[in-house]
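> All I have is the shape, not the residue letters:
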């Protein structure tokens, strides 16, 4: 998928995310991407085995692109993926949040790997309900595929809740990295917005109040 950011001053910035592979960079990685720099408290990686945080290293490119612009800079974003184009004028922090979500799902971090299928079916600028629907649907489909392979399956969504709780720890640690990396707050606030979606998803999973019931009356009515 390709994100194209068009600013009112005429500058155009682009970034591509490929769900098939982890992001690769030929440029030297900055110091804030080192694994031990604000390392997540739940990180399963060890410095003797991995030099750089996969998520942080994947964010180095986008931070270099627009890390010097304020959060509320207006930007026109064009997202091209799967033979479709979505264009939206929004704030840079919301545009960054959408891009960071796609990057996180494909970066190779052990705690974001469960999101990779969502990157294959990326939905830019998802709101709370769309995120909940996609997360639950993809997770349950994953459990169905596990069952077909005679593997244990989790139909209670407890595994999804646990995965999102781990993801929130990752988001908070990455925010600390980005505060050290960027001159402005667009990247940090984009990550904060992404974390708010994660928080909302956890709340809906733990205390479901029928947010999606109206869309599924054909399944729930006799």
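Arrived safely. Bear in mind the structure is a predicted one, so any value in this text is a computation, not a measurement.
> next helix or strand past the host helix or strand of residue 145?
Using DSSP states H and E, the secondary-structure element containing residue 145 is helix 128-148. The helix or strand immediately downstream of helix 128-148 is helix 158-181, counting by DSSP H and E.
> For that next one, name the packing helices and strands.
Using 3 or more CB pairs under 8 Å, 6 or more residues apart in numbering; DSSP states H and E, the elements in contact with helix 158-181 are helix 54-66, helix 128-148, helix 186-206. C-betas here are computed from N, CA, C, even on glycine.
> can you do 10 Å?
Applying 3 or more CB pairs under 10 Å, 6 or more residues apart in numbering; DSSP states H and E, one finds that helix 158-181 makes contact with helix 54-66, helix 92-106, helix 128-148, helix 186-206.
> For residue 127, give its distance to residue 198.
Between residue 127 and residue 198 the distance, using CB to CB, to the nearest Å, works out to 13 Å.
> Compare neighbour counts for those two and give me the winner.
A side-by-side neighbour count of residue 127 and residue 198, using other CB atoms under 10 Å, places residue 198 first with 21 against 10.
> show me the contacts for that one.
With contacts defined as CB atoms under 10 Å, 6 or more residues apart in numbering, residue 198 is in contact with 101, 115, 131, 135, 163, 164, 165, 166, 167, 168, 170, 171.
> can you rerun that using 6 Å?
Neighbour list for residue 198: 164, 167, 168 [criterion: CB atoms under 6 Å, 6 or more residues apart in numbering].
> for the residues you listed, which one is nearest residue 217?
Here the nearest of those to residue 217, counting by CB to CB, is residue 164; it sits at 26.8 Å.
> Quick check: the closest one touching residue 204?
No. In this structure, residue 164 is not within contact of residue 204 by CB atoms under 6 Å, at 10.1 Å.
> Tell me which of these two has more neighbours.
With other CB under 10 Å as the criterion, residue 164 and residue 204 differ in neighbour count, and residue 164 comes out ahead with 24 against 19.
> Residue 161 and residue 205 touch, don't they?
Yes. Using CB under 6 Å as the test, residue 161 is close enough to residue 205 to be in contact (4.9 Å).
> Please list all residues in contact with residue 64.
Residue 64 sits next to no residue when contact means CB under 6 Å, 6+ apart.
> measure it to residue 133 for me?
34 Å.
> cool, residue 115 as well?
On the measure of CB to CB, residue 115 and residue 133 end up 14 Å apart.
> now residue 83
With distances defined as CB to CB, the gap from residue 83 to residue 133 amounts to 22 Å.
> Which of those two has more residues huddled nearby?
With neighbours defined as other CB under 10 Å, residue 83 and residue 133 compare such that residue 133 has more, 16 against 5.
> Nearest residue to the more buried one in space, please, no chain neighbours.
residue 212 (6.1 Å; CB to CB, 6 or more residues apart in numbering).
> Count the neighbours of the one you found for me.
Under the criterion other CB under 10 Å, the count of neighbours that residue 212 has is 13.
> so how far is residue 193 from it?
Noted for residue 212: a distance of 21 Å to residue 193, by CB to CB.
> repeat for residue 107
Plainly put, residue 107 is 18 Å away from residue 193 if you go by CB to CB.
> what residues are up against residue 193?
With contact taken as CB under 6 Å, 6+ apart, residue 193 is in contact with residue 97.
> pLDDT at it, what is it?
In this model, residue 193 is scored at 72, pLDDT.
> what about the protein, any weak spots by pLDDT?
Confidence mapping of the chain against pLDDT under 70 gives the ranges 22-27, 182-188, 190.
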